[in-house]
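**Q** Build me a model from this:
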Amino acid sequence: MNRYIAFLRAINVGGHTVKMDQLRQLFTELGFQQVETFIASGNVIFEAAGTDETAISEAIAAHLQAALGYEVATFLRTPAELARVAAHQAFPQPAMEAAAALNIAFLARPPDEPARERLMALRSEIDDFAIHGREVYWLCKLRQSDSTFSNAALEKALKMKSTLRGASTIGKMAAKYS
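**A** I've put the predicted structure just below:
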């Protein structure tokens, strides 16, 4: 069995409320084992027999859409990948210490060069971005409420789906599951 972490988009945001016991049940219905959730924002840890991450991700997304009635983009990472995401130093340490927030967006694939350019054009006095593999690191220098940036702006710039998590959540998950 292989362990995966699924980061789900549109769980308990934007009017979509899903109880974690229901989410665990939906994953169990797919034949996954050792299913756990980590906080109520669409982070599911599970074991699967397969190794085809694309097929697993597509099966999860299709099952969740059928059960919940709306699209739930699904981004899988292995525990080793999650540890690398958490450990990646996307910005200089002084900038990170001075910032109000660091968020990490999960993507299905690395963005191409035009997408990277569109995202970097959104840098401002408040927001800075770094791309590393299939993740975008968003450094918010002031309060996030002062920023006009959002997941919707990220998806528009990249022309692909994503889901955001706080770096502290990712760090806690990596410590627990890696």
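**Q** from memory Ser178 sits against Pro79, does it?
**A** Yes: taking contacts as CB atoms under 8 Å, Ser178 lies within contact range of Pro79: 4.5 Å. Yep, even glycine has a C-beta here, placed from its N, CA and C like the rest.
**Q** Run through who's touching the longest helix along the chain.
**A** Counting residues, the longest helix found in the chain (DSSP state H) is helix 53-68. The contact list for helix 53-68 (CB atoms under 8 Å, 6 or more residues apart in numbering) reads 4, 6, 8, 16, 18, 26-27, 29-30, 48, 50, 71-76, 108.
**Q** now that helix, how far from the centre of its chain.
**A** 16 Å (CA atoms, centre = their mean, to the nearest Å).
**Q** ditto for stretch 42-49
**A** 14 Å.
**Q** List the buried residues of it.
**A** Neighbour counts over stretch 42-49 (16 or more other CB atoms under 10 Å) mark Gly42, Asn43, Val44, Ile45, Phe46, Ala48 as buried.
**Q** which residues of the chain fall in strands?
**A** 2-8, 33-37, 43-48, 74-77, 101-106, 127-132, 135-140, 163-166 (DSSP state E).
**Q** Would you convert those strands into a markdown table that also reports distance to Ala157 and mean pLDDT?
**A** Below are the strands of the chain laid out as a markdown table (distance: least, CB to CB, whole Å; pLDDT from 0 to 100):
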| stretch | distance to Ala157 | mean pLDDT |
| --- | --- | --- |
| strand 2-8 | 19 | 97 |
| strand 33-37 | 30 | 97 |
| strand 43-48 | 24 | 98 |
| strand 74-77 | 17 | 98 |
| strand 101-106 | 11 | 97 |
| strand 127-132 | 9 | 98 |
| strand 135-140 | 9 | 98 |
| strand 163-166 | 13 | 96 |
